[in-house]
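Would you be able to build a 3D model of this:
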Amino acid sequence: MEETDKHTILIVEDDLFSANYLRDILQRNGYRVVGIVTGGHDALRAAMEHRPDLILMDVMLSDNMSGTEAAVQITRNLPDICIIFITAYIEPEMVEQALRANIFGYLMKPYKEGEILTSIRIALAKTKLLPKTTLPSAHHLVTCSADGSLVFDKSKRQLYRHGIEVELSVQGLKLMEILCNNINHTVSKEQICMHIWNETKSDITIRTLVHRIRLRIGDNIIKSVSGLGYKIKTH
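Numbers count the residues shown, from 1 in each chain. Next comes the predicted model:
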């Protein structure tokens, strides 16, 4: 068996029988499977959370996001992850999407163990030859929703939902930053004002900013603490 324990793999497959088959092969050959997910949105979330070396991505998934769409989003945010499609068919449109996603290959169903392992070894070998982008380590990521779908990257000061960047104003990102640095703790209005504007602002200014963010991420993320301030509660 090769020294492959340092390599992590995420399986995205809506057929759990096939997913377990892949997991058994990978684990038997020294790879570490960081998760099995069945939908495109869960794939985005898991990719952001685990930062695997490689993703085995089915094309037809259980939700309204295809594997090709998920791959495009993942490689846009995490360009160092290599993706191999696993599929029962190939259409011209899918090939075009695959090119956009810069994937590392296809595995056609039904596939054999030797084909799987060879494709993975080739893909991982190719990634060693490519220049690496600087990605934040896991301790820079803060989960700011109970279901894990919302993540704040402190190093980039960016917010992601299901792996897709949420567009916020500079003030909105600063507010998310101070709240995410104090998860499950109340941040006073005075602290918020000094962090964002470096001066005192009226309550209505703060409420308006919070309201705008809630429109983008939902009402249940930022909690109002009566008379004190705001917090993000994850448990």
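
how about low-confidence regions in the chain?
The model of the chain has pLDDT under 70 over residues 1-5, 89-102, 127-140, 163.

Let me see the domain layout of it.
The chain breaks down by automatic domain parsing into domains covering 8-129, 138-232.

so can I have TSV of those domains showing mean neighbour count?
All C-beta spots, glycine's among them, are computed from the backbone N, C-alpha and C. TSV is the format used below for these (neighbours: other C-beta atoms under 10 Å):
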stretch	mean neighbour count
domain 8-129	18
domain 138-232	16
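
show me where the protein has helices.
Here the chain has its helices, by DSSP state H, at 16-28, 40-50, 67-77, 92-101, 113-129, 170-180, 189-196, 203-217.

At the geometric centre of this protein, which residue sits there?
For the chain, Met48 is the residue whose C-alpha lies nearest the centre (C-alpha atoms, centre = their mean; 2.5 Å).

so that one makes contact with Tyr160?
Yes. If you go by C-beta atoms under 8 Å, Met48 and Tyr160 touch, sitting 5.8 Å apart.

Spell out which residues are contacts of both of the two.
When contacts are counted by C-beta atoms under 8 Å, 6 or more residues apart in numbering, Met48 and Tyr160 have 77, 151 as shared neighbours.

can you redo the helices of the chain as TSV with distance to Phe85?
Formatted as TSV, these follow (distance: least, C-beta to C-beta, whole Å):
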stretch	distance to Phe85
helix 16-28	13
helix 40-50	12
helix 67-77	6
helix 92-101	6
helix 113-129	10
helix 170-180	34
helix 189-196	43
helix 203-217	31
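
List just the one of these that sits closest to Thr234.
The closest of the helices of the chain to Thr234 is helix 170-180. By C-beta to C-beta, the value is 10.0 Å.

Direction-wise, compare that closest one with helix 203-217 and give the angle.
Counting by axes from the mean of the first three to the mean of the last three C-alpha atoms, to 10 degrees, helix 170-180 lies at 90 degrees to helix 203-217.

my read: Asp58 touches Ile83, true?
No. Using C-beta under 8 Å, Asp58 is not in contact with Ile83, being 11.1 Å away.

ok so, going back, out of the helices of the chain, flag the one nearest His235.
Evaluated over the helices of the chain, closeness to His235 peaks at helix 170-180, with 14.5 Å, by C-beta to C-beta.

CA atoms of that closest one as PDB?
Extracted C-alpha coordinates of helix 170-180, given in PDB (Å, rounded to 0.1, in the frame of the first residue of the first chain):
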ATOM      1  CA  VAL A 170     -17.400  46.800   3.800                       C
ATOM      2  CA  GLN A 171     -19.400  47.700   6.900                       C
ATOM      3  CA  GLY A 172     -21.400  44.500   6.800                       C
ATOM      4  CA  LEU A 173     -18.200  42.400   6.600                       C
ATOM      5  CA  LYS A 174     -16.700  44.300   9.500                       C
ATOM      6  CA  LEU A 175     -19.900  43.600  11.600                       C
ATOM      7  CA  MET A 176     -19.700  39.900  10.700                       C
ATOM      8  CA  GLU A 177     -16.000  39.900  11.600                       C
ATOM      9  CA  ILE A 178     -16.500  41.200  15.100                       C
ATOM     10  CA  LEU A 179     -19.500  39.000  15.700                       C
ATOM     11  CA  CYS A 180     -17.700  35.900  14.400                       C
END
